[in-house]
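In: Fold the following for me, if possible:
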Amino acid sequence: MSMPLLSLIVFLPLLGGLVILFVPKRQDRAVRSIATAALVLTFLASLMALSQFTPGAGYQLTETHAWIPAVRIHYALGVDGISIVLVVLTTLLSLLACLASYNIAVRVKEYFVLYLLLVTGMLGTFLALDLFLFYVFWEIVLVPMYFLIGIWGGPRKEYAAIKFFLYTLAGSVLMLLSILFLYLNAHTFSIPELAGGAGSMLPLKIQQILFLGFFLAFAIKVPMFPFHTWLPDAHVEAPTPISVLLAGVLLKMGGYGFLRIAFPFLPQGAASFAVPLAILAVISIVYGALCAMAQTDFKKLVAYSSVSHMGFVMLGLSAFTQTGFNGALLQMFNHGIITGALFLLVGVLYERTHTRDLTAFGGLGVKVPVYAGLLILFGLGSLGLPGLSGFVGEFLCLLGAFPVHRVLTIVSVLGIVLAAGYILLTVQKVLLGPLNTKWKDLADVNLFEIATLAPLVILTVLLGIWPALVLNIQAPTLNKLVEQLTRLTG
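Out: Down below sits the predicted model:
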């Protein structure tokens with residue numbers, strides 16, 4: 001009997017959380033060590049899964065066990081070219097954000113238990129091959145995230161937590177209705193079976209209605225305009241490590257939902273909404289960038305930049321082309337790396353100065369040269385400088401969308417110009433100009449903080465130079481998906 005590798009990946013964090021429950025109060029060092037050990041093992045298990053993965057060979061490392069046989073619900077896990085990329089991203093960011101969580105000093109035990117439960121929910125969402133199981137993991141994510149923002153967040157934490165919960169729960173309820181309708185017609189919750197054409201047999205009008213149910217759940221999570229308003233509040237109030245996971249992983253659950261469920265289940269319904277999807281994507285790109293440019297709160301600026309960058313993901317998806325899909329998934333991966341790093345850098349500065357007001361800084365490049373170098377590197381990656389990972393994903397999204405949505409793609413390029421504006425203005429406000437004497441004794445990043453950011457630096461540069469490292473893994477699966485969608489939509 002082979003080792004249930006995917007179950008280990010999903011449940012090692014939860015096991016770590018259960019062990020922490022038995023640690024006596026005020027044993028904070030032991031709690032942190034157990035959480036870190038669990039996430040190190042989870043990351044290593046994800047690398048093992050990656051090493052055993054064969055691109056283009058369908059679902060692999062699958063595990064299937066009857067769970068509720070009366071209604072054909074199974075505990076089913078599997079990984080393909082779409083999910084393996086996001087699983088490795090999740091395990092890496094979860095580990096790095098855990099290290100950044102060492103600064104949490106209040107109710108440490110409860111924090112890490114909820115944190116590890118959150119990681120299990122995210123990984124389960126990407127690995128589930130049963131629609132019922134997918135929904136369970138999707139909903140599990142809401143609970144720890146609500147408490148992590150609501151207890152350890154900023155001054156308006158309760159408002160931000162409730163807003164996040166209500167928005168995402170509203171979308172989830174509509175998704176549940178679509179899931180139930182699909183089951184009643186197809187008599188299965190199996191994601192591979194439903195993606196194989198069971199949903200495509202439904203009339204177009206029914207497909208469109210069901211697609212809207214999935215669309216609202218996934219669009220809120222991405223988030224797309226006009227369903228984005230929960231995101232800036234959640235980011236600003238959340239503690240830094242939770243902002244990293246929110247931007248780096250949770251937003252990707254929305255894009256993953258479109259690729260795994262909404263498009264393959266309801267191909268004709270999804271294709272009929274291609275133009276509205278592209279329009280909303282372009283609005284998200286431009287609106288998010290304009291909002292980012294108007295911010296003086298460093299964290300809120302990065303939050304709005306996420307709305308803009310995830311707009312490129314949705315533009316690539318709306319094209320229904322191989323290049324667009326590959327660009328969208330690569331952009332999700334790259335956005336997770338770069339924006340996760342930017343939130344870590346915002347946290348480093350906030351811990352030293354207790355302010356995120358960009359107008360309060362100036363001239364810090366002289367005092368904190370290592371921090372300045374890191375901020376410039378990830379800032380340039382975010383604005384899409386060729387040679388860094390942010391460029392490749394956006395370029396492929398535009399390249400894939402241009403033949404299908406020519407005018408909208410041209411308009412979306414404005415987002416890249418605006419991104420250069422708000423990133424360079426941020427660098428100018430924080431690092432350049434005369435030094436604010438209030439920060440004359442500001443300490444540079446320490447070795448622990450550098451170690452947390454180093455893997456993200458390596459990936460940002462490496463994938464900018466060699467994007468095939470990820471593209472070769474995901475492309476065969478995505479290309480087959482596009483061929484299937486093309487065949488079913490005619």
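
In: quick one, helices of the stretch 1-150 of the chain?
Out: Applying DSSP state H, counting those that start in this stretch to the stretch 1-150 of the chain gives helices spanning 5-21, 28-51, 83-100, 108-127, 131-152.

In: and the last one, which residues are buried?
Out: By neighbour count with 16 or more other CB atoms under 10 Å, helix 131-152 contains the buried residues 131-142, 144-152. In this view, the C-beta of every residue, glycine as well, is placed from N, C-alpha and C.

In: quick one: which of the helices of the stretch 1-150 of the chain is nearest L375?
Out: helix 83-100 (16.0 Å; CB to CB).

In: how about low-confidence regions in the stretch 1-150 of the chain?
Out: Low-confidence segments of the stretch 1-150 of the chain (pLDDT under 70): 1-2.

In: list the buried ones in the lengthiest strand in the chain?
Out: Selection of the longest strand in the chain by residue count, based on DSSP state E, yields strand 60-68. Using 16+ other CB under 10 Å as the test for burial, strand 60-68 gives Q60, L61, E63, W67.

In: And the furthest pair within those residues?
Out: Maximum pairwise distance in the buried residues of strand 60-68, criterion CB to CB, is 20.9 Å, between Q60 and W67.

In: Can you list the neighbours in contact with the longest strand of the chain?
Out: 4-7, 49, 52-54, 73-80, 129-130, 132-133 (CB atoms under 8 Å, 6 or more residues apart in numbering).

In: let's see 6 Å
Out: Contacts of strand 60-68 with the rest of the structure, by CB atoms under 6 Å, 6 or more residues apart in numbering, involve 4-7, 49, 53, 73-79.

In: out of the residues you listed, who's nearest T452?
Out: So of these, ranked by how close each gets to T452 (CB to CB), first place is A49, at 23.6 Å.

In: Surely the closest one touches S7?
Out: No: with contact defined as CB atoms under 6 Å, A49 and S7 do not form a contacting pair (11.2 Å).

In: For those two, indicate the residue with more neighbours.
Out: A49 (22 against 17; other CB atoms under 10 Å).

In: Excluding chain neighbours, give the residue nearest to that one in space.
Out: Closest residue in space to A49, ignoring its immediate chain neighbours: L5 at 5.5 Å, by CB to CB, 6 or more residues apart in numbering.

In: Pretty sure that neighbour sits against L50.
Out: No: under the criterion of CB under 6 Å, L5 makes no contact with L50, lying 10.6 Å away.

In: Which one's more surrounded, these two?
Out: Neighbour count, other CB under 10 Å: between L5 and L50, L5 has more, with 18 against 15.

In: what about that one, distance to V302?
Out: Distance of L5 to V302, given as CB to CB, to the nearest Å: 34 Å.

In: before we move on, what about G269?
Out: 34 Å.

In: between these two, who's got more neighbours?
Out: Taking other CB under 10 Å, G269 and V302 do not tie; V302 has more neighbours (29 against 26).

In: pLDDT of the lengthiest helix in the chain, averaged?
Out: What stands out as the longest helix in the chain, according to DSSP state H, is helix 322-353. Mean pLDDT, helix 322-353: 94.

In: Which pLDDT value goes with the residue sitting furthest away from the middle of the chain?
Out: What lies farthest from the middle of the chain is T437; by CA atoms, centre = their mean that is 38.0 Å. What the model reports for T437 is a pLDDT of 83.

In: measure it to F343 for me?
Out: For T437, the distance to F343 equals 28 Å [CB to CB].

In: Mark which of the contacts of strand 60-68 are buried, thanks.
Out: Among the contacts of strand 60-68, those classed as buried by 16+ other CB under 10 Å are L5, L6, S7, A49, F53, I73, H74, Y75, A76, L77, G78, V79.

In: Please produce a markdown table containing the residues you listed, extended by distance to T120.
Out: Below are those laid out as a markdown table (distance: CB to CB, whole Å):
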| residue | distance to T120 |
| --- | --- |
| L5 | 15 |
| L6 | 12 |
| S7 | 11 |
| A49 | 16 |
| F53 | 21 |
| I73 | 19 |
| H74 | 19 |
| Y75 | 14 |
| A76 | 17 |
| L77 | 12 |
| G78 | 17 |
| V79 | 16 |
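
In: Tell me which two in these are the farthest apart.
Out: Using CB to CB, the buried ones among the contacts of strand 60-68 span at most 26.5 Å, a distance reached by F53 and I73.

In: for the host helix or strand of L231, packing partners?
Out: Per DSSP states H and E: L231 is located in helix 230-237. With contacts taken as 3 or more CB pairs under 6 Å, 6 or more residues apart in numbering; DSSP states H and E, helix 230-237 sits against helix 157-186, helix 298-318.

In: Pull out the buried positions in the longest one.
Out: Applying a neighbour-count criterion of 16+ other CB under 10 Å, the buried positions in helix 157-186 are 157, 160-161, 163-165, 167-168, 171-172, 174-176, 178-179, 181-183, 186.

In: which residues does A247 contact?
Out: Applying CB under 6 Å, 6+ apart, the residues near A247 are S306, T339.

In: contacting residues around F147?
Out: The neighbourhood of F147, defined by CB under 6 Å, 6+ apart, consists of L114.

In: how close does it get to Q208?
Out: In terms of CB to CB, F147 sits 37 Å off from Q208.

In: what's the answer for A360, then?
Out: 50 Å.

In: same check, this time on I9
Out: 36 Å.

In: which of those two has more neighbours?
Out: Counted by other CB under 10 Å, I9 and Q208 do not tie: I9 has more neighbours, with 29 against 17.

In: count of neighbours near the closest residue to that one other than its chain neighbours?
Out: Nearest residue to I9, sequence neighbours excluded (CB to CB, 6+ apart): A45, at 4.8 Å. Neighbourhood size, A45 [other CB under 10 Å]: 21.

In: which non-adjacent residue is nearest G269?
Out: Q207 (3.0 Å).

In: separation between that neighbour and L176?
Out: Between Q207 and L176 the distance is 17 Å, computed by CB to CB.
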